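J.: Predicted structure and sequence below. I'll ask about it afterward.
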Amino acid sequence: MNTTASHTVVSAAALALALGAALAISSAPLTAQAADSEKCFGVALQGKNDCAAGPGTTCAGTSKIDYQGNAWKLVPKGTCEQTASPTSPTGFGQLEAFEEVKNS
């Protein structure tokens, strides 16, 4: 193997290692943040949910209506059931998915 090829392999390996380390470091704060948060169903606006919005949707940003009962948003722990949700049976966010109440 010539010198140029050796340098290319070493450079590629160094880049992969650096990228892996950067990704590992950047995900650490997210884990700590998630520990202080909870999934709150029925509080996300259309297209602003975090993930797992139920049947008919795939993931983040796919909720079809405001306050969709099976779409959730991460909120600070302890605040979900105090957050307004006009489609919820209680009028507030829920810790589990629910069937939306029809407004008359």
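T.: Yep, that arrived. Numbering: from 1, shown residues only.

J.: my read: Gly91 touches Thr83, true?
T.: No: assessed by CB atoms under 8 Å, Gly91 is found out of contact with Thr83, at 10.1 Å. In short, each C-beta sits where N, CA and C put it, glycine included.

J.: Neighbour count: those two, which is higher?
T.: Thr83 (16 against 11; other CB atoms under 10 Å).

J.: How about the contacts made by the more buried one?
T.: Thr83 makes contact with Cys40, Val43, Val75, Phe92, Gly93, according to CB atoms under 8 Å, 6 or more residues apart in numbering.

J.: so can I have TSV of those residues showing secondary structure, distance to Glu100 and neighbour count?
T.: Formatted as TSV, the contacts of Thr83 follow (DSSP: H, G, I helix; E, B strand; the rest coil; distance: CB to CB, whole Å; neighbours: other CB atoms under 10 Å):
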residue	secondary structure	distance to Glu100	neighbour count
Cys40	strand	15	25
Val43	coil	12	24
Val75	strand	19	19
Phe92	strand	14	16
Gly93	coil	13	25
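
J.: now, which of the residues you listed sits nearest Thr62?
T.: Val43 (15.6 Å; CB to CB).

J.: For the closest residue to the closest one other than its chain neighbours, give me phi and psi.
T.: Distances taken as CB to CB, 6 or more residues apart in numbering place Gly93 nearest to Val43, at 4.3 Å, with adjacent residues excluded. Main-chain dihedrals, Gly93, degrees, to the nearest 10: phi -60, psi 160.

J.: for Cys80, same thing?
T.: Torsion angles at Cys80 (phi, psi; degrees, to the nearest 10) stand at phi -60, psi -50.

J.: For it, give me the pLDDT.
T.: Cys80 is assigned 97 on the pLDDT scale.
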